[in-house]
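Undergrad: fold the following and give me the result.
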Amino acid sequence: MTKYVGAIDQGTTSSRFIVFDKAGNIVSVAQKEHKQIYPKPGWVEHDPLEILHNTNEVIGAALARADLSASDLVSVGITNQRETTLIWDKATGKPLYNALVWQDTRVDNYVAEYAKNGGQDRFRAKTGLPLASYFSGLKLRWLLDNVEGARAKAEAGEALFGTIDSWLVWNFTGGAKGGVHITDVTNASRTQLMNLATCDWDEDMLKEYGIPRACLPEIRPSSSVYGEITTPTLRGTKLAGILGDQQAALVGQTCFSPGEAKNTYGTGCFMLMNTGTEPVQSKAGLLTTLAYQFDGDKPVYALEGAIAITGALVQWLRDNMKLFDVAPQIEPLAKSVEDNGDVYIVPAFSGLYAPYWKESARGVIAGLTRFATRAHLARAALESTAYQTRDVVEAMEADSGIQLTSLKTDGGMVANELLMQFQADILNVPVIRPKVTETTALGAAYAAGLATGFWSNTDDLRANWQVDKSWEPALAEEKRAHYYKSWKKAVQRSFDWVD
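TA: Residues are numbered from 1 along each chain as shown. This next block holds a predicted model:
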């Protein structure tokens, strides 16, 4: 009987369930969007119960579409939007508040307060992360400080903290009736509460941020059998993989050797480079993070460049500016002009992430003249993704001493061929799209399949990876230099907008 591996891919805008076969091909998929909640400027929330409900729904739908049941799956892995933070009541399973999404900036005042004494990098040596509103630790602090009764419950172990992976695992393994409260090393490394060297919660960081250890999940490897699923659609299936979404894409792209890198183009853009079993401290504005840990092996580290707004800029042009009706229409619109008309968009909607880390930056459109049209804006929006990626590549090369020779890409935006060509042009290296572009979910499936013997080792996974299409650079050096210099000027204009 043919067996498969399932992957829950819980993202920023939607939840999906994908079933993969042994060759890493998609057998079935179902997806459902959830509501984005914006209570105040800079605040972004999700309803954890809606996410849980949608996840259950897409599991049932994907299995039904392929006429499969839980018994056809060897194991299931989870990959999740990282840093999104919630706390829930251990006895009832009810969230005490909405989940605070990774993009949420309500903890800016905490960031400023901590940075006053020791600067933005005061915790970097220990955690690999600068002070920023992005990470989970300060979001948890906000929940404990502002949700009535939350701190007392957390201190007593009656309220549990988790990123979305922990929330799903707890609910899928029994919930209030004995659910497993865990996270994996990759998600834990994004809280700013984990010590990079020990891969355990750091007592000094917990003290600094005022976080009670009693509410924290146990940190486990990314590939390991954690328990059996108890929910109806997957009852009895082993839950055996957890990876934060960007680390999952690194695994899905089989970047298992130091120096191998991938870039995921989604709501934001996330570039990771495998740096091996020793963490590399960044001097160029990148994050030092856990790449993955397979059961019984040493943890593997990565350098990461996180860009907050890429695909989300396309959504903004669609929903807020009404430039087009559906996202794919941006490509023909952008193609209808031969260049950007010297227009540049810096989408610093919630500050700038890597390599700038400017909380006070805000979005700008620069270079406007009467000549500019909506087509130029569309083109400038796509190009901003490629420029931001080059910013990160240059930082990565400076930190690692490794020159990028090609870029593996994945995520929703890689269907946009104009963007892929311009990415190759501005980086001056080939850009490669794999046959299976759902590498985030594939990485979670790989983690779960390795833990249960579906795949024997990483060589099996490398054998699955195949090229769909590659783009070679075709831009004159003079133009490349002009575009990038103008981009850098536009970025400078976005700084220090918020006092």
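Undergrad: shaky segments in the chain?
TA: 1 (pLDDT under 70).
Undergrad: next, the residue of it positioned farthest from its centre: secondary structure please.
TA: Taking CA atoms, centre = their mean, the residue of the chain most remote from its mean C-alpha position is residue 370, at 38.0 Å. Assigned with DSSP: H, G, I helix; E, B strand; the rest coil, residue 370 falls in the coil class.
Undergrad: how far away is it from residue 341?
TA: To residue 341, residue 370 is 11 Å away according to CB to CB, to the nearest Å. Every C-beta, even on glycine, is put in place using the N, C-alpha and C of the backbone.
Undergrad: likewise for residue 183?
TA: Between residue 183 and residue 341 the distance is 47 Å, computed by CB to CB.
Undergrad: of these two, who's got more company?
TA: Higher neighbour count among residue 183 and residue 341: residue 183, with 28 against 17, using other CB atoms under 10 Å.
Undergrad: so that one belongs to a strand, correct?
TA: Yes. Counting by three-state DSSP, residue 183 falls inside a strand.
Undergrad: hang on, it packs against residue 226?
TA: No. Residue 183 is not in contact with residue 226 according to CB atoms under 8 Å; the separation is 10.4 Å.
Undergrad: common neighbours of the two, please.
TA: Taking CB atoms under 8 Å, 6 or more residues apart in numbering as the contact rule, residue 183 and residue 226 both touch 220, 242.
Undergrad: contacting residues for residue 352?
TA: Residues near residue 352 by CB under 8 Å, 6+ apart: 308, 346, 358, 361, 491, 494.
Undergrad: now, among those, which is nearest to residue 46?
TA: Distances from residue 46 to the contacts of residue 352, taken as CB to CB, are shortest for residue 308 (16.5 Å).
Undergrad: list the contacts of the closest one.
TA: Neighbouring residues of residue 308 by CB under 8 Å, 6+ apart: 103, 134, 268, 347, 348, 349, 350, 351, 352, 353.
Undergrad: which two in these are spaced the farthest apart?
TA: Of all pairs in the contacts of residue 308, the most separated under CB to CB is 134 and 347 at 15.4 Å.
Undergrad: which of these two has more residues huddled nearby?
TA: Using other CB under 10 Å as the criterion, residue 134 and residue 347 rank with residue 134 on top: 29 against 25.
Undergrad: angles on the backbone of the more buried one, please.
TA: Torsion angles at residue 134 (phi, psi; degrees, to the nearest 10) stand at phi -60, psi -40.
Undergrad: which residues in the stretch 201-350 of the chain form strands?
TA: Ranges of strands within the stretch 201-350 of the chain are 218-220, 223-228, 238-244, 261-265, 269-276, 287-292, 300-307, 344-346, based on DSSP state E, counting those that start in this stretch.
Undergrad: possible to save those as TSV with mean neighbour count and distance to residue 197?
TA: Listed next are those as TSV, based on neighbours: other CB atoms under 10 Å; distance: least, CB to CB, whole Å:
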stretch	mean neighbour count	distance to residue 197
strand 218-220	18	13
strand 223-228	19	20
strand 238-244	30	19
strand 261-265	27	23
strand 269-276	25	14
strand 287-292	26	11
strand 300-307	26	10
strand 344-346	26	36
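Undergrad: would you turn the ones you listed into JSON lines with distance to residue 201?
TA: Shown next, in JSON lines, are the strands of the stretch 201-350 of the chain (distance: least, CB to CB, whole Å):
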{"stretch": "strand 218-220", "distance to residue 201": "7"}
{"stretch": "strand 223-228", "distance to residue 201": "18"}
{"stretch": "strand 238-244", "distance to residue 201": "17"}
{"stretch": "strand 261-265", "distance to residue 201": "27"}
{"stretch": "strand 269-276", "distance to residue 201": "23"}
{"stretch": "strand 287-292", "distance to residue 201": "14"}
{"stretch": "strand 300-307", "distance to residue 201": "18"}
{"stretch": "strand 344-346", "distance to residue 201": "37"}
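Undergrad: of all these, which lies closest to residue 430?
TA: Across the strands of the stretch 201-350 of the chain, residue 430 has its closest neighbour in strand 261-265 (12.9 Å, CB to CB).
Undergrad: what packs against that closest one?
TA: Contacting strand 261-265 under the criterion 3 or more CB pairs under 8 Å, 6 or more residues apart in numbering; DSSP states H and E are the following elements: helix 245-252, strand 269-276, helix 374-400, strand 407-410, helix 439-451.
Undergrad: rerun that using 10 Å as the cut-off
TA: helix 245-252, strand 269-276, strand 300-307, helix 374-400, strand 407-410, helix 417-427, strand 431-434, helix 439-451 (3 or more CB pairs under 10 Å, 6 or more residues apart in numbering; DSSP states H and E).
Undergrad: my guess is residue 307 contacts residue 285, does it?
TA: No. Judged on CB atoms under 10 Å, residue 307 makes no contact with residue 285 at a distance of 11.6 Å.
Undergrad: overlap in contacts of those two?
TA: Residues touching both residue 307 and residue 285 (CB atoms under 10 Å, 6 or more residues apart in numbering): 352, 353, 354, 355, 356, 391, 392.
Undergrad: what about the fifth one, which SS state?
TA: Pointing back at residue 356 there. Going by three-state DSSP: residue 356 is coil.
Undergrad: list the contacts for residue 312?
TA: So residue 312 contacts 12, 13, 36, 103, 266, 267, 268, 269, 347, 349, 350 (CB under 10 Å, 6+ apart).
Undergrad: tell me how many other residues crowd the third one.
TA: Read that as residue 36. Residue 36: 14 neighbours (other CB under 10 Å).
Undergrad: again, but for residue 467
TA: Here the number of neighbours of residue 467 (other CB under 10 Å) works out to 10.
Undergrad: so what touches the helix or strand containing residue 482?
TA: Element membership for residue 482 (DSSP states H and E) is helix 477-494. The contact list for helix 477-494 (CB under 10 Å, 6+ apart) reads 339-340, 342-348, 351-352, 356, 358, 360-367, 380, 383-384, 386-388, 390-391, 394, 422, 425-428, 473, 475-476.
Undergrad: and those residues, which of them are buried?
TA: The neighbour-count test (16 or more other CB atoms under 10 Å) marks 340, 342-348, 351-352, 356, 358, 361-367, 380, 383-384, 386-388, 390-391, 394, 422, 425-427, 473, 475 as buried among the contacts of helix 477-494.
Undergrad: now do the helices in the stretch 51-200 of the chain.
TA: 108-116, 124-127, 136-146, 150-155, 164-172, 185-188 (DSSP state H, counting those that start in this stretch).
Undergrad: can I get the fourth one as PDB, trimmed to CA atoms?
TA: Pointing back at helix 150-155 there. Provided in PDB are the C-alpha atoms of helix 150-155 (Å, rounded to 0.1, in the frame of the first residue of the first chain):
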ATOM      1  CA  ALA A 150      -2.500  36.600  32.300                       C
ATOM      2  CA  ARG A 151       0.600  37.100  34.400                       C
ATOM      3  CA  ALA A 152      -0.700  35.400  37.500                       C
ATOM      4  CA  LYS A 153      -2.000  32.400  35.400                       C
ATOM      5  CA  ALA A 154       1.400  32.200  33.600                       C
ATOM      6  CA  GLU A 155       3.400  32.200  36.800                       C
END
